[in-house]
Structures are given as C-alpha cells and as structure tokens.
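>>> compute the structure for the input listed below.
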Amino acid sequence: MGQYVSKLMQETISYLKLSYEGLAHEMSIPETVLCEAVEGKMGLTRGQWVKFGRLLGLPTTYELRPAERDGTPCWEICFPPVSLVANKT
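I've put the predicted structure just below:
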C-alpha cells in the first residue's frame, strides 16, 4: 500500500508541476522531510498527511479491504471509502 500511495503522490506532484520546496513551505516542514516522506523513508503525522493530500487535491480518506486477484489474496484501496458511497445512493 505504501508504494502505491507514494507513487500516486509523486505522479500528482509531477502532473501538477508543483515543487517540493513550495509544498514543504505551505506545510511548514523542511523540504527534505517532505521528499523522504513521499518516498516512504520517513513518516509524517496523520494531520500532515491529510494536509498534504488536500494540497495535492487527493482524497484523504480511504478504505483498505481484503480482495482477490487471479485467485491470489491481496489488499484493495478504495477512494472514498466504499461505505460512504453506498450510503449516498
């Protein structure tokens, strides 16, 4: 899961042509800390991840649930949580 989220953030930053320096400034953290967090080398607090997700325009809530692909058990990430979508229909 961490690799998926990391790659999603990296691609979003690249696609939106954002700078790590600018994002780090908006989050009031050092640029190196932000870079290492995105690469999965360092953690951020939950609040920092939520703020970072909002700056990138990414969902900040998700559901992790067991699934199966080609007969092999795996984990599936759903944005937004499936229960929220089901309750709105």
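
>>> contact partners of the longest helix anywhere in the chain?
Ordering each helix of the chain by length in residues (DSSP state H) puts helix 2-15 first. Applying Cβ atoms under 8 Å, 6 or more residues apart in numbering, the contact partners of helix 2-15 are 20, 23, 38-40, 52, 56-58, 77. In short, each C-beta sits where N, CA and C put it, glycine included.

>>> go on, stretch 31-40?
So stretch 31-40 is contacted by 2-3, 6, 9-10, 13, 20-21, 23-24, 27, 42-44, 48, 52 (Cβ under 8 Å, 6+ apart).

>>> in this protein, where is pLDDT below threshold?
1-2, 60, 62-63, 77-89 (pLDDT under 70).

>>> Gly53 and Pro59 touch, don't they?
Yes. Gly53 lies in contact with Pro59 (Cβ atoms under 8 Å); the separation is 6.8 Å.

>>> more neighbours: which of the two?
Gly53 (18 against 13; other Cβ atoms under 10 Å).
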